[in-house]
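A.B. asks: Need a 3D model of the sequence below.
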Amino acid sequence: MPAAMKTPGVYIVEKDAFPNSIVEVATAVPAFIGYTEKADNKGKSLSRIPKRISSMAEFRDYFGGPPPATFAATKIDPAATPAQVKAFSLGDTDYQVVRSEALPQQYLLYYSMMLFFQNGGGPCYIVSVGGYGDTIDKGDDSSGLLGGINLLLKEQEPTMVVIPDAVHLAAETDCIAVQQAALQHCGVKMQSRIAILDIYDGYKEQEDCIAKFRDDLGINQLSYGAAYYPWLNTNLVTARDLGFRNVNADQLTALLTEEATERTNGNLTPVLSADDIGQVKNLTAKYTELLLNKTLIAASPVFSQILAEIAQQMNQLPPSAAIAGIYTMVDGSQGVWKAPANVSVTSVVGPTVSISHDEQENLNVDIQGKSINAIRAFPGEGVLIWGARTLDGNSLDWRYVNVRRTMIMLEQSIKLATKAYVFDNNVANTWVTIKSMIGNFLTGIWKRGGLMGAVPDDAFAVFCGLGETMTADDVLEGILRVTVLVAMVRPAEFIEITFQQQLPKS
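C.D. replies: Now for the predicted structure:
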C-alpha cells in the first residue's frame with residue numbers, strides 16, 4: 001500500500017501471492033588440497049588460492065601435469081625388516097625398485113584428480129599449497145596442508161574436503177593432525193561439508209593400520225567424516241607412459257650391460273648393443289627418446305619388468321578422490337539421499353588388500369563407533385564400495401553418510417532462503433510465509449524420494465509461531481524460531497530373508 005494517499009485518484013497495489021521458493025544447494029562440490037606442478041592463470045598466481053575447475057583439461061591448464069618420478073633398482077637385502085618386495089631377478093640376484101629422488105616425495109593430487117573425474121566427478125575446487133620441489137608438509141594455520149584447509153573458510157560452495165597428499169606426510173601423527181583439522185573445519189567452523197579421509201598406510205593389512213587410525217583420530221566431529229579402506233591399485237599409469245627417463249641412468253646402464261653379459265654367457269645373442277646401452281646416458285641424434293624406449297622395451301625383459309614395477313607403484317593410490325567422484329555421480333543420478341555404496345569404482349584393477357565378509361565386521365562395526373567403509377572386489381561384479389557409514393557409527397542419528405549429507409543440504413538450502421526475511425516484521429504473516437516456503441520445499445524433496453513417509457505429513461513437519469516455537473520474550477528480543485522435523489531416508493544395510501519349511505498342502 002502507498003505510504004500516503006493525499007491526491008484523489010486510483011492507486012495500484014501489488015501483493016505477492018506466493019512465498020519465496022527455496023533453491024536446493026549443490027551437494028557434490030569437493031575441494032582438493034595438495035601439491036601441483038604449477039599454479040598459474042595466464043600469469044596470475046593461483047598458489048594458495050582456491051580455484052574452481054570442472055575438467056581434467058582445466059586442471060592441466062592451471063596446475064600442470066604429473067609429478068616427475070625417478071626410480072632405481074637396488075639389490076634386495078635378505079635380512080631387511082620388513083621384507084623387501086622383489087621386482088625382478090637377474091642371474092642369482094633379486095632386485096627391488098624404489099624411488100631414487102633425494103626427497104622421495106610422491107605427490108598424489110594429479111593422479112587423484114584423474115581418478116576423481118573418471119569416477120563421475122564434476123565441478124570442484126583446487127587449493128595448491130606447494131610445488132613438486134617442496135616437501136609434503138603438515139604446516140600450520142598459514143602454510144602446508146593445514147593452511148590449505150583454512151583457505152576454504154571463505155568459500156561457501158564446497159561440500160567435501162579431500163586431502164590425498166596427507167597420507168604421504170613423513171609421520172602418521174602429522175596425517176592424523178591434518179585429518180582432525182579437516183573434521184574440525186567441516187563440523188565446527190563450516191557445518192556445511194564433510195571430510196573424506198584416507199587411512200595412513202592403507203595399502204597394508206588391517207592390523208597394521210586400522211587400530212592406530214582409530215586410536216589416534218579422537219572423538220570430535222566424527223559425523224562430519226567418512227573413511228575408506230584399503231587403497232586402490234589403479235590403471236591410470238601404464239608402462240607405455242613411462243620410459244628410461246623414469247629410471248636412474250647409471251643403474252639402468254649397469255643392469256642392461258649385465259643383462260647383455262648374461263645372454264652372452266648363456267650362448268644367446270645380445271639384442272642390445274653397447275651403442276644402444278650407451279644411449280641411455282647420452283641421447284644422440286641417432287636416437288629419439290621414443291625410439292630408444294621402444295628398442296629397450298622390445299629387447300630387454302629387465303627394462304620391461306622395471307617399468308611394470310614403476311607403473312604398479314605409481315598406480316597405488318588412496319581412495320578418497322574416487323569416493324568424491326562417486327558421491328558426485330550418485331548425487332546427480334539418484335540424489336544425495338541415496339547411500340553412495342554398492343557402486344563400482346572405475347579405473348581400478350583391485351583393492352590393495354582383499355577383504356572377506358568376516359574381515360569386514362571389524363571395519364563396519366567398532367566398539368568405539370569409528371566405522372571404516374570397505375572397498376571390496378566381488379567375482380563378476382568388480383570393485384565395489386561396500387559401506388556407507390560416517391565415522392560416528394554408534395550414532396543412530398548420524399550413522400550413515402547419506403543422512404548426514406542430506407541434512408547438510410536441507411539445512412543450507414533453508415538457511416539461504418530464510419536469509420531474505422532477516423529484519424522483516426516478526427509477526428504472524430512472516431511466520432506463515434516461512435512455514436509455507438519450507439513446507440513447499442520439503443514436499444518437493446519428499447516427492448523425489450528424499451524423505452520417508454506415505455504422505456507429506458508423515459515425512460516432515462514445520463513449526464513457527466508465538467506459543468509454538470517462541471515466547472513473548474523471544475519476540476521482544478527479535479528472535480524468530482523455526483522448528484523443522486524430517487523423516488530421513490536410511491539405507492537397507494542389512495537385509496534378512498527368512499526361510500521356513502511348511503507342510504505339503506496336497
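A.B. asks: Could you pull out the strands in the stretch 251-400 of the chain for me?
C.D. replies: In the stretch 251-400 of the chain, the strands defined using DSSP state E, counting those that start in this stretch lie at 316-317, 348-351, 373-378, 382-386.
A.B. asks: Need those strands in CSV (columns: distance to Leu291).
C.D. replies: Yep, even glycine has a C-beta here, placed from its N, CA and C like the rest. Shown next, in CSV, are these (distance: least, Cβ to Cβ, whole Å):
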stretch, distance to Leu291
strand 316-317, 30
strand 348-351, 30
strand 373-378, 39
strand 382-386, 37
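A.B. asks: just so I know, which of those lies nearest Ile414?
C.D. replies: strand 373-378 (28.6 Å; Cβ to Cβ).
A.B. asks: out of the strands of the stretch 251-400 of the chain, which comes closest to Val462?
C.D. replies: With Cβ to Cβ as the measure, strand 373-378 is the member of the strands of the stretch 251-400 of the chain nearest Val462 (33.4 Å).
A.B. asks: and the closest one, what other elements does it pack with?
C.D. replies: Judged by 3 or more Cβ pairs under 8 Å, 6 or more residues apart in numbering; DSSP states H and E, strand 373-378 is in contact with strand 225-229, strand 348-351, helix 357-364, strand 382-386.
A.B. asks: Can you tell me which of these is most buried?
C.D. replies: Among the helices and strands packed on strand 373-378, strand 225-229 has the highest mean neighbour count (mean count of other Cβ atoms under 10 Å), at a mean of 27.
A.B. asks: Which is the succeeding secondary structure element to it?
C.D. replies: strand 232-234 (DSSP states H and E).
A.B. asks: Just give the strands next to that following strand in its sheet, each with its orientation.
C.D. replies: Next to strand 232-234 in the sheet, as set by DSSP bridges, lie strand 316-317 (antiparallel), strand 348-351 (antiparallel).
A.B. asks: how about a markdown table for the ones you listed, with distance to Val302 and mean pLDDT added?
C.D. replies: Below are the strands paired with strand 232-234 laid out as a markdown table (distance: least, Cβ to Cβ, whole Å; pLDDT from 0 to 100):
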| stretch | distance to Val302 | mean pLDDT |
| --- | --- | --- |
| strand 316-317 | 22 | 95 |
| strand 348-351 | 23 | 96 |
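A.B. asks: Dump the helix or strand Ile414 falls within to PDB, restricted to CA.
C.D. replies: Using DSSP H and E, Ile414 maps to helix 401-418. The C-alpha coordinates for helix 401-418 follow below in PDB (Å, rounded to 0.1, in the frame of the first residue of the first chain):
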ATOM      1  CA  VAL A 401      26.800 -40.800   5.100                       C
ATOM      2  CA  ASN A 402      23.700 -40.100   3.000                       C
ATOM      3  CA  VAL A 403      21.800 -39.000   6.200                       C
ATOM      4  CA  ARG A 404      24.500 -36.500   7.200                       C
ATOM      5  CA  ARG A 405      24.900 -35.100   3.600                       C
ATOM      6  CA  THR A 406      21.100 -34.900   3.100                       C
ATOM      7  CA  MET A 407      20.700 -33.000   6.300                       C
ATOM      8  CA  ILE A 408      23.500 -30.600   5.300                       C
ATOM      9  CA  MET A 409      21.700 -29.900   2.000                       C
ATOM     10  CA  LEU A 410      18.400 -29.300   3.800                       C
ATOM     11  CA  GLU A 411      20.000 -27.000   6.400                       C
ATOM     12  CA  GLN A 412      22.000 -24.900   4.000                       C
ATOM     13  CA  SER A 413      19.100 -24.600   1.400                       C
ATOM     14  CA  ILE A 414      16.700 -23.400   4.100                       C
ATOM     15  CA  LYS A 415      19.200 -21.200   5.700                       C
ATOM     16  CA  LEU A 416      20.000 -19.300   2.500                       C
ATOM     17  CA  ALA A 417      16.300 -18.900   1.700                       C
ATOM     18  CA  THR A 418      15.200 -17.600   5.100                       C
END
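A.B. asks: what angle separates the helix or strand just after it from helix 401-418?
C.D. replies: Sequence-wise, the next helix or strand downstream of helix 401-418 (DSSP H and E) is helix 428-447. Angle of helix 428-447 versus helix 401-418, following axes from the mean of the first three to the mean of the last three Cα atoms, to 10 degrees, is 150 degrees.
A.B. asks: same for the strand or helix carrying Tyr95, what does it pack against?
C.D. replies: Assigned by DSSP H and E, Tyr95 falls within strand 93-99. Judged by 3+ Cβ pairs under 8 Å, 6+ apart, strand 93-99 is in contact with strand 71-75, strand 88-90, helix 301-314.
A.B. asks: swap the cut-off to 6 Å and go again
C.D. replies: strand 71-75 (3 or more Cβ pairs under 6 Å, 6 or more residues apart in numbering; DSSP states H and E).
A.B. asks: could you dump the strand it packs on to PDB, C-alpha only?
C.D. replies: In PDB, the C-alpha atoms belonging to strand 71-75 read as follows (Å, rounded to 0.1, in the frame of the first residue of the first chain):
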ATOM      1  CA  PHE A  71      63.200 -44.900  -9.700                       C
ATOM      2  CA  ALA A  72      66.200 -47.200  -9.100                       C
ATOM      3  CA  ALA A  73      66.700 -50.900  -9.000                       C
ATOM      4  CA  THR A  74      68.600 -52.000  -5.900                       C
ATOM      5  CA  LYS A  75      69.700 -55.400  -4.600                       C
END
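A.B. asks: In it, which residues are buried?
C.D. replies: Residues of strand 71-75 classed as buried: Phe71, Ala72, Ala73 (neighbour count, 16 or more other Cβ atoms under 10 Å).
A.B. asks: Next up, the contacts around the last one.
C.D. replies: Just to be clear, that refers to Ala73. Tyr95, Val97, Gln251, Ile306 (Cβ atoms under 6 Å, 6 or more residues apart in numbering).
A.B. asks: now swap in the first one and tell me
C.D. replies: Listed by Cβ under 6 Å, 6+ apart, the contact set of Phe71 reads Val97, Arg99, Ser100, Val247, Ile310.
A.B. asks: Tell me what it is bridged to.
C.D. replies: Following DSSP bridges, Phe71 is listed with bridge partners Arg99, Val247.
A.B. asks: in the protein, what secondary structure element scores lowest on mean pLDDT?
C.D. replies: When the helices and strands of the chain are compared on mean pLDDT, DSSP states H and E, helix 274-278 comes out lowest with a mean of 66.
A.B. asks: Quote the end-to-end distance of stretch 449-464.
C.D. replies: Using Cα to Cα, to the nearest Å, one end of stretch 449-464 lies 25 Å from the other.
A.B. asks: So which residues make contact with that stretch?
C.D. replies: Identification of contacts with stretch 449-464 by Cβ under 6 Å, 6+ apart yields 335, 337, 431, 434-435, 438-439, 442-443, 445-446, 469, 482-487, 489.
A.B. asks: Among those residues, the buried ones, what's the PyMOL command?
C.D. replies: Applying 16+ other Cβ under 10 Å to the contacts of stretch 449-464, the buried members can be selected in PyMOL as follows:
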select buried, resi 335+337+431+434+435+438+439+442+445+446+469+482+484+486+489
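A.B. asks: still on that earlier bit, so can I have TSV of the buried residues of strand 71-75 showing distance to Leu396 and pLDDT?
C.D. replies: Formatted as TSV, these follow (distance: Cβ to Cβ, whole Å; pLDDT from 0 to 100):
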residue	distance to Leu396	pLDDT
Phe71	49	89
Ala72	53	87
Ala73	54	87
